[in-house]
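> only geometry, no sequence info:
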């Protein structure tokens, strides 16, 4: 009998250097997409998928991230006295129950695999999810929920995948496909950041994983891979070599790379237009901007 996935690891130790100077004083994960920080989108997705234990792998300078999920009694009191009940409910949705979140430190930036390995004792012998907050996915049914429903049928290990142009393969882990079954593909290998000519397919791994606890054993060897870092992809590839199943899941939705400035701006536009109270005014403004640029050409 497969165990339910109720634990999720959020690797949030990165310095966010691509967003300096903003990230000099605030964690990248607190940067807001419309009116919610990136981390809130990840937490909401995890909650919708049935995650009950949230494990944050952090680093020095991330205290604001911890404060975000704590109660804010003074602010709540002020909103209550002012009769701002809608804002009070919005604020309460960010609170997390005592004990639901655990914070661990990654003392040195040794890669995604190392960040996941830091949570090994909290994961124990249970399957677990990994969510990368840089990857924000707009979907009718949250991506991780889609994956967990598929995982309940397949077991093993599962990674979210999407097709990318060959010239962008070097930015991703790429699947070597054994069998393509539509929404789900069976993998016979994985390659981290291959050159375009060496990529075994155009199916890239993006920031959602459901993994067997065996992965921690592979990561425990602390073997370095691409970029001199301990790669999570390499540990998953080892599972394949050991005869354990690894699946790619073609999720339904649109992924935004909020680890890049262009991706963050694209997500801001998309999520802004998706908000009913903002849509008309925002669309009109974007239309005016587009017309001005066209006239200037």
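Arrived safely, thanks for sending. Fair warning: this is a prediction, and the values are worked out from it, not measured in the lab. Numbers count the residues shown, from 1 in each chain.

> do you know the pLDDT at residue 6?
pLDDT, residue 6: 93.

> equivalent analysis for the one 10 residues further on, please.
Predicted confidence (pLDDT) at residue 16: the value is 80.

> isn't it right next to residue 24, touching?
No - between residue 16 and residue 24 there is no contact under C-beta atoms under 8 Å: 9.3 Å. Using the backbone N, CA and C atoms, a C-beta is placed for each residue, glycine as well.

> mind listing the strands for the stretch 51-200 of the chain?
Applying DSSP state E, counting those that start in this stretch to the stretch 51-200 of the chain gives strands spanning 53-58, 101-105, 128-131, 135-138, 157-163, 173-180, 184-192.

> possible to save these as a markdown table with distance to residue 47 and mean pLDDT?
Formatted as a markdown table, these follow (distance: least, C-beta to C-beta, whole Å; pLDDT from 0 to 100):
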| stretch | distance to residue 47 | mean pLDDT |
| --- | --- | --- |
| strand 53-58 | 9 | 92 |
| strand 101-105 | 12 | 88 |
| strand 128-131 | 11 | 96 |
| strand 135-138 | 15 | 95 |
| strand 157-163 | 18 | 94 |
| strand 173-180 | 26 | 90 |
| strand 184-192 | 24 | 89 |
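
> okay, now residue 90: neighbour count?
Using other C-beta atoms under 10 Å, residue 90 has 13 other residues around it.

> measure it to residue 4 for me?
Residue 90 sits 30 Å away from residue 4, going by C-beta to C-beta, to the nearest Å.

> what ranges in the stretch 151-297 of the chain fall below the confidence cut-off?
224-228 (pLDDT under 70).

> looks like residue 187 contacts residue 177 (just checking).
Yes - if you go by C-beta under 8 Å, residue 187 and residue 177 touch, sitting 6.4 Å apart.

> how far away from the center of its chain is the strand or helix carrying residue 262?
Using DSSP states H and E, residue 262 maps to helix 261-273. Offset of helix 261-273 from its chain centre (C-alpha atoms, centre = their mean, to the nearest Å): 16 Å.

> pull out the buried positions in it.
If you call a residue buried by 16 or more other C-beta atoms under 10 Å, then helix 261-273 has these buried ones: 263-264, 267-268, 271-272.
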